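# need coordinates for the following:
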Amino acid sequence: MRRRSCLALPVLGWAAQVRAQAAPPPELRAEWPQAGPIVKQGEGRLRFMGLAIYDIRLWAPEPVPAGALDRSPLALEIEYARALSGPRIAERSLTEMRRAGPMAEADAKRWLAAMRALFPDVEAGHRITGAQVPGAAARFHVNGRLAGEVRDARFASLFFGIWLAPWTSEPELRRQLLGLAP
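Coordinates of the predicted model:
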């Protein structure tokens, strides 16, 4: 009997760890205070040349239809696996946003400045969570604290499209986040 209880401890510890990972980040309750359960729709890992860059999770208070992303409340939680500079994160984000098509240079400059102000340098384990306010804005939390927002519906659509739009540079990651069949 004693042996059985000793073996159960690691399994119980693992089960608790899995449940903890399935919980949404606390900052999302502030984003959607009236929502019922906030559900993880999908998750994945971005790798570059075999190195893990970050883990990403799509959270929403309701199912997110692939065809109505800009009309859905949703959040992307990115947990970094390595140190990256904030300005580099902002620049790469703008590069990926440009994949959607032509972008006015004034918008690009304004959005890059906003992202540089919002995205700090990160270390392994740091999190940036972006929450979409449908048709209005993108709000950003850094390690659980509100960093600010960009009040521009087109910015929000393009920013979340980096991972969720058909034009993404990471189609497999998109499928994982949206729970789509390969």
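# hmm, Ser93 and Ala108 touching each other?
No - checked against C-beta atoms under 8 Å, the pair Ala108 and Ser93 is beyond contact range at 11.1 Å. For the C-beta atoms, the positions are set from N, CA and C on the backbone; glycine is no exception.
# between these two, which is the more surrounded one?
Ser93 (19 against 13; other C-beta atoms under 10 Å).
# per-residue pLDDT, the more buried one?
Model confidence at Ser93, given as pLDDT, is 98.
# please name the residues that touch the residue most central in space within the chain.
Closest residue to the average C-alpha location of the chain: Leu76 at 2.1 Å, with C-alpha atoms, centre = their mean. Applying C-beta atoms under 8 Å, 6 or more residues apart in numbering to Leu76 gives the contacts 56-59, 129-130, 160, 163-164, 177.
# secondary structure class for it?
Of the three states, Leu76 takes strand under DSSP: H, G, I helix; E, B strand; the rest coil.
# same check on Pro24?
State at Pro24, reduced to three classes by three-state DSSP: coil.
# so for it, what's the pLDDT?
The model's pLDDT for Pro24 equals 93.
# over to Ala90?
pLDDT, Ala90: 98.
# that one: what's it in contact with?
Counted by C-beta under 8 Å, 6+ apart, Ala90 has contacts 112, 115-116, 118-119.
# ok, and the closest non-adjacent residue to it?
Met115 (3.6 Å; C-beta to C-beta, 6 or more residues apart in numbering).
# may I see the buried residues of stretch 161-174?
Neighbour counts using 16 or more other C-beta atoms under 10 Å place 161-165, 168, 170, 173-174 of stretch 161-174 among the buried residues.
# now the residue nearest to the centre of the chain, which residues is it bridged with?
Under DSSP bridges, the beta-bridge partners of Leu76 are Leu58, Gly130.
# which strand or helix spans Phe160?
Taking DSSP states H and E as the criterion, Phe160 maps to helix 153-164.
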